[in-house]
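J.: Sequence and predicted structure are below.
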Amino acid sequence: MSAVPIKPDTTTRTAERALALLSIVCEQGPVTLGDAAKAVDLSASTALRLLRTLEATTFIRRDDEGNFHPGAAIVQLGVLALSQESLVALCRDPMTRIVEQTGESAYLSIPAPGRQGLYVAIVEGTHSVRHANWVGRKFPLDSSAAGTALQGRTGDIGYCVVSDGVERDVTAVAVPIYVSDRVVGALSVVVPSYRITSSSIERIGQALLGESRQLYAT
């Protein structure tokens, strides 16, 4: 008696098609609906339905012209896959040098879905009174220094400063980390606000900029 071949169910086929579209967007983006559908041999209507699902879950995003790009969720997953080795390892020495220069706690953060960021590493400061460890904590992009840096919104000065953003009585200074002109993370220093001054903000900002620029060139 011959074995009956097992056919993939509808859910499996849908997942395979969605993953195929996601791969095309990541490899070829920005990509049009027509090109994406053709690349995976789907009708435009089927491809659009799957792409809309991927867009709703922030795995892809669509620009004003209707082209599809990798979204925040896929960037986060990619960085998270590297964070335990490559990104954290790459930033460990720069963060240590920042602490040596400033005495304050230095953080590495990455983008997270839902317009949030995620702290993934810390080198603690040397002051007896220093900031508590935030590793593993998410924070809003729009009201934090690290979140502003993750959006690349540092202006001509190159770094951003936010007081009472994630937590009261805390001031943070942050800079973005770029890979191929894309922001993949942020370096920040978190200071109890009573200890911050204009001159210390400048010193911290320059320390962060110096280390982040070396990372850009790595």
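T.: Structure received.
J.: Near the nearest residue to Tyr216 once chain neighbours are set aside, how many other residues are there?
T.: Leaving aside its chain neighbours, Tyr216 sits nearest to Tyr178 (5.3 Å; criterion: Cβ to Cβ, 6 or more residues apart in numbering). Where C-beta positions appear, they are placed from N, C-alpha and C, glycine not excepted. A total of 15 residues lie near Tyr178 under the criterion other Cβ atoms under 10 Å.
J.: In three-state terms, label the residue most central in space within the chain for me.
T.: Geometric centre of the chain, nearest residue: Pro111, 2.5 Å, by Cα atoms, centre = their mean. Following DSSP: H, G, I helix; E, B strand; the rest coil, we place Pro111 in the strand state.
J.: who are the neighbours in contact with it?
T.: Ala72, Val75, Gln76, Val79, Gly117, Leu118, Leu141, Leu150, Val183, Val184, Gly185 (Cβ atoms under 8 Å, 6 or more residues apart in numbering).
J.: quick revisit: ok, the residue nearest to Tyr216 touching Val184?
T.: Yes. With contact defined as Cβ atoms under 8 Å, Tyr178 reaches Val184; the gap is 7.1 Å.
J.: Show me what the residue nearest to the centre of the chain is bridged to.
T.: Gly117 (DSSP bridges).
J.: Show me the contacts of Pro111 that map onto strands.
T.: When DSSP state E is applied, those are split such that Gly117, Leu118, Val183, Val184, Gly185 fall in strands.
J.: In TSV, list those residues along with distance to Gly103 and pLDDT.
T.: Output for the ones in strands among the contacts of Pro111, formatted as TSV (distance: Cβ to Cβ, whole Å; pLDDT from 0 to 100):
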residue	distance to Gly103	pLDDT
Gly117	24	92
Leu118	25	90
Val183	27	89
Val184	27	87
Gly185	23	92
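J.: returning to what we had before: could I get the contacts of Pro111 as JSON lines with neighbour count?
T.: Formatted as JSON lines, the contacts of Pro111 follow (neighbours: other Cβ atoms under 10 Å):
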{"residue": "Ala72", "neighbour count": "20"}
{"residue": "Val75", "neighbour count": "22"}
{"residue": "Gln76", "neighbour count": "21"}
{"residue": "Val79", "neighbour count": "20"}
{"residue": "Gly117", "neighbour count": "28"}
{"residue": "Leu118", "neighbour count": "23"}
{"residue": "Leu141", "neighbour count": "19"}
{"residue": "Leu150", "neighbour count": "28"}
{"residue": "Val183", "neighbour count": "18"}
{"residue": "Val184", "neighbour count": "20"}
{"residue": "Gly185", "neighbour count": "31"}
